[in-house]
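Q: sequence unknown, structure follows:
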Ligand SMILES: *Cc1c(COP(=O)(O)O)cnc(C)c1O
C-alpha cells in the first residue's frame, strides 16, 4: 500500500524512503517525529513547477516546521522564508538564509522585533497596523537604513472555506488592514519617508478547501492597487491544502494557477507555503501502552498526546493512523488517545484499525506541519525528538528533551 512517494508499506512494514521505520524507532524510542527530506523537496519542486508561469518566489512558512535540517534543505533548494516572529527570523538565519531571503509577517510585531528584522536586512515587512508603519520608519532611521520595503497586508473580508481557527481573511479577524485603511496609508505615504510601499500581501487562511475565496480576495486586491502603479509585488500568502484523509481530494493547483496567471501578469509574485511543503513528509510514531476495553469501546492508549500533536484537540483535525507492521488479523473500531489529563486528548476517534497489542507501534500521518511546531511540555512531558531521513541516511536532528530540560529555565 502506497501512502505517498516516501511513506509506504513494503512487505507489511511501514517504511520512509528506503528505511524501515521500526528499525529507526527501536533506536530512538517513541514518541518521535520522523521527516523525509526527499518528500519535502519533492513538494517544493512540485509547487515551483505549478507556479512557474507566475515565476513565483517561494518563502517557506517557518511556523509550520522550524526544524533546522528542513530549513537548510529548503534553503539549498532555493527557497526563502516567511517568518512571523524575530525568533523565526533567527531560525532562518541559523539555517543559513540571508536577510534578503526573509519576509516578516505578524499582527503584533514588537518594536524590538522590528529593529532586529531591520538590522538583519530582511527583504519585506508584511505590515498589519498603521502604528507599526511609524515604528518601522523610526527603526529604519535609527539604524541608518534609507529604505525598508513594506507590503501592506490586506484583510479582504472574505470567508475562507476552512476551520474557523484557520481563517484569517474575514471581516471579524484581527489580521490585515481593510481596503479603506490601505487607501488612506498610501495617500499619506510621505509621512513614512523610509518606507517603500511597493508590495501588497494577503493570507486568508490555511488548509483552504477551495480556491473561490482566494480568487475573490485577489480580485479585491487588484481593484485596490490599480491606482497605485508603484505596487509591483503581490504576496499571496500560504494556505494551500493537503490531503489529511486517504480519500480526500484537494483543489487542483494547476486550475488555480491558470486562473491566477492572467490576472497577475507583470507582477512579482511571492508565496508563503508551509503545510503544503512539509505536512505529508512527516509522521509521529507512538507506541501502544495499554489496550483498554471499557463501556463497549476500545481505547489504544499511546505514548503520544495532545502535547506532542495538538491539531486533533485544537481543530478537530483528522490524521490517518496506521500500524508500523501490517497484520491480516481482525479489524476493530478504536479510539487512539494519549496519557494527558484532558478529555480532549484524543488523537483519533472511532477509527477502523487492526486489533493490536501493547507494545505495537502506530504512525500518525501527515504530521510534518504544525506538529512539533505546536508541541508543548504540558503535563511536564519532555518534547519528542526529531529524526530526519535523507535517502538511505537518517539522523536525530533534535534530541528528545530530558527531565533536566524541564527545569532548565527555573531560577
Ligand atoms: C501561517 C502562515 C502561512 C503558512 O500557511 P500554510 O497554511 O501552512 O501554508 C503563510 N503566511 C502567513 C502570513 C501565515 O501566517
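A: Good, I have the coordinates. This is a predicted model, so every value here is computed, not measured.
Q: Please, where are all the strands along the stretch 1-150 of the chain?
A: Along the stretch 1-150 of the chain, the segments classed as strands by DSSP state E, counting those that start in this stretch run 7-10, 13-16, 19-20, 32-36, 57-61, 80-83, 102-104, 124-127, 148-153.
Q: Figure out which of these is closest to residue 253.
A: With respect to residue 253, and counting by C-beta to C-beta, the nearest of the strands of the stretch 1-150 of the chain is strand 57-61 at 13.0 Å. Yep, even glycine has a C-beta here, placed from its N, CA and C like the rest.
Q: Packing partners of that closest one?
A: helix 37-50, strand 80-83, strand 268-271 (3 or more C-beta pairs under 8 Å, 6 or more residues apart in numbering; DSSP states H and E).
Q: picking up where we left off before, any chance of the strands of the stretch 1-150 of the chain in a markdown table with mean pLDDT, mean neighbour count and distance to residue 228 as columns?
A: Shown next, in a markdown table, are those (pLDDT from 0 to 100; neighbours: other C-beta atoms under 10 Å; distance: least, C-beta to C-beta, whole Å):
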| stretch | mean pLDDT | mean neighbour count | distance to residue 228 |
| --- | --- | --- | --- |
| strand 7-10 | 96 | 16 | 46 |
| strand 13-16 | 97 | 21 | 48 |
| strand 19-20 | 98 | 16 | 52 |
| strand 32-36 | 98 | 27 | 42 |
| strand 57-61 | 98 | 26 | 21 |
| strand 80-83 | 98 | 27 | 23 |
| strand 102-104 | 98 | 26 | 20 |
| strand 124-127 | 98 | 27 | 15 |
| strand 148-153 | 98 | 23 | 10 |
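Q: got these as a markdown table, with distance to residue 191 columns?
A: Converted to a markdown table, the strands of the stretch 1-150 of the chain look like this (distance: least, C-beta to C-beta, whole Å):
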| stretch | distance to residue 191 |
| --- | --- |
| strand 7-10 | 53 |
| strand 13-16 | 54 |
| strand 19-20 | 58 |
| strand 32-36 | 46 |
| strand 57-61 | 28 |
| strand 80-83 | 26 |
| strand 102-104 | 21 |
| strand 124-127 | 14 |
| strand 148-153 | 13 |
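Q: Pull out the buried positions in stretch 34-44.
A: 34, 35, 36, 37, 38, 39, 40, 41, 42, 43, 44 (16 or more other C-beta atoms under 10 Å).
Q: which one among those residues gets closest to the ligand?
A: Nearest to the ligand, judged by C-beta to the nearest ligand atom, of the buried residues of stretch 34-44 is residue 43 at 11.2 Å.
Q: Find the nearest non-adjacent residue to that closest one, please.
A: residue 277 (4.7 Å; C-beta to C-beta, 6 or more residues apart in numbering).
Q: Which of the three states applies to that neighbour?
A: helix (DSSP: H, G, I helix; E, B strand; the rest coil).
Q: How much space separates the residue most central in space within the chain from residue 133?
A: Nearest to the geometric centre of the chain sits residue 64, at 2.5 Å (C-alpha atoms, centre = their mean). Separation of residue 64 from residue 133 (C-beta to C-beta, to the nearest Å) stands at 27 Å.
Q: Okay, now the sheet partners of the strand or helix carrying residue 301, with direction.
A: Per DSSP states H and E: residue 301 is located in strand 297-302. Strand pairing for strand 297-302, using DSSP bridges, gives strand 282-294 (antiparallel), strand 331-337 (parallel).
Q: So which elements touch the next helix or strand after that strand?
A: Of the helices and strands lying after strand 297-302 in sequence (DSSP H and E), the nearest is helix 311-315. When contacts are defined as 3+ C-beta pairs under 8 Å, 6+ apart, helix 311-315 sits against strand 346-354.
Q: Any chance you could list what contacts the next helix or strand after the strand it packs on?
A: Next in sequence after strand 346-354, counting helices and strands by DSSP H and E, comes strand 361-364. Contacts of strand 361-364 from elsewhere in the structure, counted by C-beta atoms under 8 Å, 6 or more residues apart in numbering, are 7, 14, 21-22, 25, 30, 283-288, 300, 302, 304, 309, 319-325, 336, 347-348, 356.
Q: Pull out the buried members of these.
A: Of those, these count as buried by 16+ other C-beta under 10 Å: 7, 14, 21, 25, 30, 283-288, 300, 302, 304, 309, 319-325, 336, 347-348, 356.
Q: What residues does the chain have near the ligand?
A: Neighbours of the ligand within the chain, by C-beta under 6 Å from any ligand atom: 61, 63-64, 82, 84, 105, 203, 206, 237-240, 272-276, 369.
Q: ok, so what distance separates whichever residue of the stretch 301-411 of the chain sits closest to the ligand from residue 135?
A: Nearest residue of the stretch 301-411 of the chain to the ligand: residue 369, at 6.0 Å (C-beta to the nearest ligand atom). With distances taken as C-beta to C-beta, residue 369 is found 31 Å from residue 135.
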